[in-house]
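Visitor: A structural model of the following input is requested.
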Amino acid sequence: DDAEFDIERHVRRLAVPKPGGRDELAEICGDIAGQPLDRSRPLWEFWVIEGLADGQIAVMSKMHHAIVDGVTGSTLITDLCSLEPDAPPMSIHPAMAPITPPRDRDVIAQGLVRWAKRPLRLPSLLPETIGVVPTWVRRKRRGEAMPAPFTAPRTSFNGTVTSHRSVAFTQLDLADVKSVKNAFGTTVNDVVLALCSGALRRYLEDNGELPSSSLVAMVPVSVHGKSEREGINRVSGMFTTLASDLDDPIARLTAIAEQTTIAKAHHNTISASMLQDWAQFAPPNTLGLAVRLAARMRLMDHAPVIHNLVISNVPGPPMPIYLAGARIVGFYPFGPVFHGAGLNVTVVSNDGHLDVGLIASRELAPNLWSLADDFAPALAELVSAARATQPAPTPKRRRPATRA
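Guide: Residues are numbered from 1 along each chain as shown. All right, here's what the predicted structure looks like:
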């Protein structure tokens, strides 16, 4: 809460340089994404970007991951929008009371109480955590385990990230995605992962670095309603193979569908609160110092790869939505990147299409548009294969002519 809230600190306005195309827009969005948020005020910003060649306006929202995850972020954007272009402006709910900042001594007292209670959670947390390893091994022997951390192959985007960001985006027809889903009996999420796998295969092949073993993605999983721990950001994650070592697109989709089923079942055996509980034992200053030290020594350039990238699939509005009276024609999310996994692909469904947002550490993926442009061919080959599985229509027989 900000008792001295100033809208000009959070809502900015700028214009893209000419010619105002997608490259110029992406460069500005990458620069905005790379700028740290001011920690002395609430951690969110909105940038109104004008000067696009087609006369449209872009609005980039930027929120710290500590206060929003995929589900709450999508809900927040939807709440800020309307279903009609002439909807009345949003008003403050009359039940909201004026903000009263807490006293410093109250904040310190609450922090000390929480710190003192941490060891009480440790006795129950240790056995739960230790039990994960043997359970994982047993499931692996039965072929019922998701890929283990540190087993992913190394690629060019698995290294130490910098503060520089590159972004790209693309849009796909949701009807085509659903036709593939229906033809092969999978889910939309399976098709999304197969699209990412196909695009990444092309991208890595073009760069001469396609690994012989499959890429491993970390897929965030919402634990809203499952985790009882405090915090707005309630997300866990599961590892899944992208079957990128398979050349046939249908074989990739089938393998991904089988693996995601296994990964979901395995993930459900792990407590939704365990990662959040362990985070309480890592003091922010100590953790931040360790991360900065690892970045300075570039340890992630040589350490085993935990996972190759993060892929998120977030459900969005199935109907047209409007912001300040203007129809939203594209809704491109950019998720966080990490040391060792400098690429994030986030997909959101929006009014009959899938909007794909890609963000990476610029030094690790300098030509991100080539990866974005590989999504359309990846979908085309799956659609073509889906149509090939459909039976040919039976010609209608003509009825013999009769005389009255």
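
Visitor: how about the strands of the stretch 101-250 of the chain, start to end?
Guide: 165-173, 216-222, 235-241 (DSSP state E, counting those that start in this stretch).

Visitor: Equivalent analysis for the stretch 251-400 of the chain, please.
Guide: 309-314, 322-323, 326-327, 343-350, 353-361.

Visitor: still on that earlier bit, and the strands of the stretch 101-250 of the chain as a markdown table, adding mean neighbour count, mean pLDDT and distance to residue 251?
Guide: Where C-beta positions appear, they are placed from N, C-alpha and C, glycine not excepted. Shown next, in a markdown table, are these (neighbours: other CB atoms under 10 Å; pLDDT from 0 to 100; distance: least, CB to CB, whole Å):
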| stretch | mean neighbour count | mean pLDDT | distance to residue 251 |
| --- | --- | --- | --- |
| strand 165-173 | 22 | 97 | 21 |
| strand 216-222 | 22 | 87 | 17 |
| strand 235-241 | 21 | 83 | 12 |
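
Visitor: The ones you listed: which one's closest to residue 152?
Guide: strand 216-222 (3.9 Å; CB to CB).

Visitor: Distance from the chain centre to the closest one, please.
Guide: Chain-centre distance of strand 216-222: 8 Å, with CA atoms, centre = their mean, to the nearest Å.

Visitor: For that strand, which strands pair with it and how are they oriented?
Guide: strand 235-241 (antiparallel), strand 309-314 (parallel) (DSSP bridges).

Visitor: for these, which one sits closest to residue 55?
Guide: strand 309-314 (28.3 Å).

Visitor: buried set for the closest one?
Guide: Across strand 309-314, burial judged by 16 or more other CB atoms under 10 Å covers 309, 310, 311, 312, 313, 314.

Visitor: Now for the fourth one: which residues touch it?
Guide: In this case it means residue 312. 70, 219, 220, 333, 335, 344, 345, 346, 347 (CB atoms under 8 Å, 6 or more residues apart in numbering).

Visitor: For it, name its beta-bridge partners.
Guide: Residues in beta-bridge contact with residue 312 (DSSP bridges): residue 346.

Visitor: For the spatially closest residue to residue 373 that is not a sequence neighbour, give me its contacts.
Guide: Ranked by CB to CB, 6 or more residues apart in numbering and with sequence neighbours excluded, the top spatial neighbour of residue 373 is residue 170, at 7.0 Å. By CB under 8 Å, 6+ apart, the residues touching residue 170 are 356, 372, 373, 375, 376.

Visitor: Looking at per-residue confidence, what score does the first one get?
Guide: Spelled out, it's residue 356. Looking at residue 356, its pLDDT stands at 97.

Visitor: Kindly report the same for the last one.
Guide: Turning to residue 376, the model gives it a pLDDT of 97.

Visitor: Am I right that it is in contact with residue 172?
Guide: Yes. Shown here, residue 376 and residue 172 form a contact pair, counting by CB atoms under 8 Å, at 7.0 Å.
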